[in-house]
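In: Got a predicted model here, sequence first, then my questions.
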Amino acid sequence: MSLRRRTLLKVIVLGDSGYVPFSLLSLQYRFFHSNHAFSFIFIARVGKTSLMNQYVHNKFSQQYKATIGADFVTKELQIDDRLVTLQIWDTAGQERFQSLGVAFYRGADCCVLAYDVNVMRSFDSLDTWHEEFLKQANPPDTRAFPFILLGNKIDIDGGNSRVVSEKKANDWCASKGNIPYFETSAKEDYNVDAAFLCIAKTALANEREQDIYFQGIPEAVPESEQSGGGGCAC
């Protein structure tokens, strides 16, 4: 009987729900502080919650409900010899919710930035959020810290209403060190799984030696699974 390594990835989703991004102030606690955690950040009212719900619950709703404060969902996936638990956080990011702060960013291992391909303002704010994250999270090496960009809502009007071209997005990614880019549709479930798999793999690849793995009770792997590989490359 072999043992499967378990890893907890903390995924943080930030956004201003269509308002101007703000500087977060202070958070007095941190969840799962003793476990290995990865954090991913999403920006603005660009379908963050819809992406999360599609990925975790395979559901999409046309009704918009603002996220109040912070909320999270979890999903487990197998990557090679690791059973990974993604803990994906979603925040409102509006000015009246400035109780979230620096500690909420700290401990992140990857930052996911998302924008609406049909709204130029959501794309223009990416630089602000990119800088805000690096300022608040203060990673050891800001140049090497992994980011991923998602261009969401490509399904709207059959793609005829988009104002941000794929080339423009790719150029932005190139200017930030060639970060990965995915165009997604939470409504049509297009590229959602592929994007999150790349997010998880990118975070795992960025692991530092001092990261602490979630040990828990080792899970026995059935003999039928012991020869299997896992995952696809980003």
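Out: Looks like it came in fine.

In: CA atoms for contacts and neighbours, from now on please.
Out: OK.

In: And the helix or strand hosting Glu132, what does it pack against?
Out: Glu132 is part of helix 126-137, with elements assigned from DSSP states H and E. Contacts defined by 3 or more Cα pairs under 8 Å, 6 or more residues apart in numbering; DSSP states H and E place helix 126-137 against helix 102-105, strand 111-116.

In: Mean pLDDT lowest where, among these?
Out: Per-stretch mean pLDDT for the helices and strands packed on helix 126-137 is lowest at helix 102-105 (a mean of 71).

In: Show me what that one is packed against.
Out: Applying 3+ Cα pairs under 8 Å, 6+ apart, we find helix 102-105 packed against helix 126-137.

In: and Phe72, what is it in contact with?
Out: Phe72 sits next to 87-90 when contact means Cα atoms under 8 Å, 6 or more residues apart in numbering.

In: Partner strands of the strand or helix carrying it and their direction?
Out: Using DSSP H and E, Phe72 sits in strand 70-79. Taking DSSP bridges as the criterion, strand 70-79 sits next to strand 82-91 (antiparallel) in its sheet.

In: Next, Lys168: secondary structure please.
Out: helix (DSSP: H, G, I helix; E, B strand; the rest coil).

In: residues near it, how many?
Out: Counted with other Cα atoms under 10 Å, the neighbours of Lys168 add up to 12.

In: And Ser175, by the same measure?
Out: Count around Ser175 with other Cα under 10 Å applied: 10.

In: ok, so what distance separates it from Glu188?
Out: Distance of Ser175 to Glu188, given as Cα to Cα, to the nearest Å: 30 Å.

In: one step back: same list (the helices and strands packed on helix 126-137) but as TSV, adding distance to Glu183 and mean neighbour count.
Out: Below are those laid out as TSV (distance: least, Cα to Cα, whole Å; neighbours: other Cα atoms under 10 Å):
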stretch	distance to Glu183	mean neighbour count
helix 102-105	25	21
strand 111-116	10	27
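
In: which non-adjacent residue is nearest Val73?
Out: Using Cα to Cα, 6 or more residues apart in numbering and skipping the chain neighbours, the partner closest in space to Val73 is Ile88 (5.3 Å).

In: Quickly list what that neighbour is bridged to.
Out: Beta bridges link Ile88 to Val11, Val73, judged by DSSP bridges.

In: Is it correct that it is in contact with Glu76?
Out: No: using Cα atoms under 8 Å, Ile88 is not in contact with Glu76, being 11.0 Å away.

In: pLDDT score for Ile12?
Out: Per-residue confidence (pLDDT) for Ile12: 67.

In: Helices of the chain, start to end?
Out: For the chain, the helices defined by DSSP state H cover 48-57, 102-105, 120-124, 126-137, 166-175, 192-205.

In: between the fifth one and helix 126-137, how many degrees?
Out: Going back to what we said before, that points to helix 166-175. Helix 166-175 runs at 30 degrees relative to helix 126-137, counting by axes from the mean of the first three to the mean of the last three Cα atoms, to 10 degrees.
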